[in-house]
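Trainee: sequence-free structure coming up:
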């Protein structure tokens, strides 16, 4: 029953149901090859091995063993009703950045506060951690940026305002790190990457080869980042 349930739900829910729909139309129209291609493409980008292949070049980041006087954490959304107000992606970034700040005894700079009052929510989360674990860090908040390019630009303005040296630990999701590094280097920073929130996972079971929304989501973010990298390199 477990196997039957896994197969049934894989093709009843999104995106697997689109595979069935495309195959259905392949028998009902003269455009058979197009719909078979769409079914195959949808299946492929919705399975874990393919999403891992797409993510690997993004998340294969060389860790540099250097010191920096500041840690910069990129925002990634908020959730108002939760105890912690940061989204899952952002919360991992904030916690890792906070750990670095405590361990290295350096200030934490948060950037990405231009949407959803993120800076206020992150202040809440950091304060919650400080009170829970009895520590204190120096924090700065950049509260105007709305995307990665602006993260870098407005963070550079903040560093210029306070006369900070532009060598940083950069904390963001692993799949987003390469695009973030391009933008921050363009803004004059020496970047020491500290990725977290990895999306790839190389432990497989048989149903990882069935379509799933989770794998489709991971493939989506991979495509999103490739487009963003091209834009950062050639248009920004």
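Mentor: The structure has been received and is ready for your questions. Computed from a predicted structure; not experimentally measured.
Trainee: Now find how far off-centre the host helix or strand of residue 216 is within its chain.
Mentor: For residue 216, the host element (DSSP states H and E) is helix 213-234. How far helix 213-234 lies from its chain's middle: 10 Å, per Cα atoms, centre = their mean, to the nearest Å.
Trainee: Which neighbouring elements make contact with it?
Mentor: Judged by 3 or more Cβ pairs under 8 Å, 6 or more residues apart in numbering; DSSP states H and E, helix 213-234 is in contact with helix 32-45, helix 48-59, helix 148-162, helix 174-186. Placement of C-beta: from N, CA and C, glycine included.
Trainee: what residues does the third one touch?
Mentor: Looking back up the chat, that one is helix 148-162. 70, 72, 74-75, 109, 111-112, 114, 140, 142, 144-145, 164-166, 176, 179-180, 183-184, 186-189, 228, 232, 236 (Cβ atoms under 8 Å, 6 or more residues apart in numbering).
Trainee: out of these, which are buried?
Mentor: Taking 16 or more other Cβ atoms under 10 Å as the criterion, what is buried in these is 70, 72, 74-75, 109, 111-112, 114, 140, 142, 145, 164, 166, 176, 179-180, 183-184, 187, 189, 228, 232.
Trainee: Who does the one residue sitting closest to the centre of the chain form a beta bridge with?
Mentor: Note on the chain: the residue nearest the mean C-alpha position is residue 173, at 4.1 Å, using Cα atoms, centre = their mean. Counting by DSSP bridges, residue 173 forms beta bridges with residue 196.
Trainee: how many neighbours does the residue lying closest to residue 6 once chain neighbours are set aside have?
Mentor: Ranked by Cβ to Cβ, 6 or more residues apart in numbering and with sequence neighbours excluded, the top spatial neighbour of residue 6 is residue 207, at 4.7 Å. Using other Cβ atoms under 10 Å, residue 207 is surrounded by 17 other residues.
Trainee: before we move on, what about the one 5 residues further on?
Mentor: For residue 212, the number of neighbouring residues by other Cβ under 10 Å comes to 22.
Trainee: I'd guessed it sits against residue 47; true?
Mentor: Yes - assessed by Cβ atoms under 8 Å, residue 212 is found in contact with residue 47 at 7.3 Å.
Trainee: Phi and psi next, for residue 74.
Mentor: phi -90, psi 140 (degrees, to the nearest 10).
Trainee: repeat for residue 76
Mentor: phi -160, psi 30.
Trainee: Quick check: it vs residue 217, distance?
Mentor: 14 Å (Cβ to Cβ, to the nearest Å).
Trainee: what stretches of this structure score poorly on pLDDT?
Mentor: For the chain, the stretches with pLDDT under 70 are 113-116.
Trainee: Now residue 236: closest residue in space, sequence neighbours ignored.
Mentor: residue 149 (5.3 Å).
Trainee: What count of nearby residues applies to the one you found?
Mentor: 21.
Trainee: Can you get me a residue count around residue 55?
Mentor: Neighbours around residue 55, by other Cβ under 10 Å: 21.
Trainee: who touches the closest residue to it other than its chain neighbours in this structure?
Mentor: Closest residue to residue 55 apart from its sequence neighbours, by Cβ to Cβ, 6+ apart: residue 200 at 4.4 Å. Taking Cβ under 8 Å, 6+ apart as the criterion, residue 200 is in contact with 51, 52, 55, 56, 59, 174, 218.
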